[in-house]
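Asker: need a structure here:
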Amino acid sequence: MKVVAINGSQRKDGNTAILIDLVFGELRNEGIECELIQLGGTSILGCTGCMGCAKSKNRQCVNNKDIINECIEKMVEADGILLGSPTYIANLSSGMKAFMERTGLVTKVNGDLLRRKVGAAVVSARRCGAINVFNSLNEYFLVNEMIIPGSNYWNLGVGNKIGEVETDEEGIKTMKILGQNMAWLLKKLKD
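Answerer: I've put the predicted structure just below:
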C-alpha cells in the first residue's frame, strides 16, 4: 500500500511538511509506503476551464508545463492521499487551490479516478483560520468520492516560525492518531 502527500506550502520543509511527516511516521509503522510531493518552488496556474481534459480523456491536464500531470499519475497509483496546506488569510495556499482545481477536474471527467481512495487533510496555521482550510480540503475528497478518516480533533497544527508546530502537543497527537486511523482504514479496505 502507498500514500502520496502533496505539500501545498511554499516552504518545502516548513510546518506543513513537519505535520505530514508525523502522519507518515504512523503509516510507515504499519508498513505503508509514503511519498511526499512538494509544491513549494513550483509555479502552478489555476484551471482555465478549457475542458481539454474532458475532450481528450487521457487523464492529463492540457497544460503540461508543471507537475500537475505527474501528481495526477501518482495519486491514481496510490491507495491514500494526504493534502497539506498552510493557512493563508484564513484559506488555502494559492498553490494548493490551483492544484485542487486542476487535478479535481481531470480526475472527475476521466471516470472519477480517485473514487474510494482514502483522503486526509493536514493543515498548519499561525493562529486562526485553519478550519476553512480543513473544510476546503475535505470538500475536495468528498466531491471525488473519497473516504476520509478522522482523528481526535481537526487535523491541524499551530505554529508560525518553521518548526514551531513541534511544540504543539495537541497537534502532534492529532497527526499521529490521524496516521493510525488512516493506516487502519487502508488495511480494512484492502481486506
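
Asker: The residue nearest to residue 114 when sequence neighbours are not counted: what's it in contact with?
Answerer: Among residues not flanking residue 114 along the chain, residue 144 sits closest, at 4.1 Å (CB to CB, 6 or more residues apart in numbering). Just so you know, the C-beta spots here come from the backbone N, C-alpha and C atoms, and that holds for glycine as well. Contacts for residue 144 (CB atoms under 8 Å, 6 or more residues apart in numbering) come out as 104, 107-108, 112, 114-115, 117, 119.

Asker: So for the helix or strand where residue 19 lies, mean pLDDT?
Answerer: Secondary structure assignment for residue 19, by DSSP states H and E: helix 15-29. Averaging pLDDT along helix 15-29 gives 98.

Asker: swap in stretch 129-149?
Answerer: 97.

Asker: Then stretch 38-58?
Answerer: Average pLDDT, stretch 38-58: 94.

Asker: What number of residues are in the vicinity of residue 123?
Answerer: By other CB atoms under 10 Å, 29 other residues sit near residue 123.

Asker: what does residue 86 give?
Answerer: 25.

Asker: same question, residue 58
Answerer: Residue crowding around residue 58 was assessed by other CB under 10 Å; the count is 12.

Asker: pLDDT score for the closest residue to it other than its chain neighbours?
Answerer: Take residue 58 and drop its neighbours on the chain: the residue closest to it by CB to CB, 6+ apart is residue 110, 7.8 Å away. Per-residue confidence (pLDDT) for residue 110: 96.

Asker: Now do the buried residues in the helix holding residue 19.
Answerer: For helix 15-29, a neighbour-count test (16 or more other CB atoms under 10 Å) marks 15-24, 26-27 as buried.

Asker: where do the strands sit along this structure?
Answerer: 2-7, 33-38, 80-86, 118-125, 156-158 (DSSP state E).

Asker: export these to JSON lines and tack on distance to residue 50?
Answerer: Shown next, in JSON lines, are the strands of the chain (distance: least, CB to CB, whole Å):
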{"stretch": "strand 2-7", "distance to residue 50": "23"}
{"stretch": "strand 33-38", "distance to residue 50": "24"}
{"stretch": "strand 80-86", "distance to residue 50": "24"}
{"stretch": "strand 118-125", "distance to residue 50": "26"}
{"stretch": "strand 156-158", "distance to residue 50": "35"}
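
Asker: residues contacting residue 116?
Answerer: 145-147, 189.

Asker: Give me the buried subset of those residues.
Answerer: Members of the contacts of residue 116 classed as buried by 16+ other CB under 10 Å are 146-147.

Asker: doesn't residue 155 make contact with residue 131?
Answerer: No. Residue 131 is beyond contact range of residue 155, at 10.4 Å (criterion: CB atoms under 8 Å).
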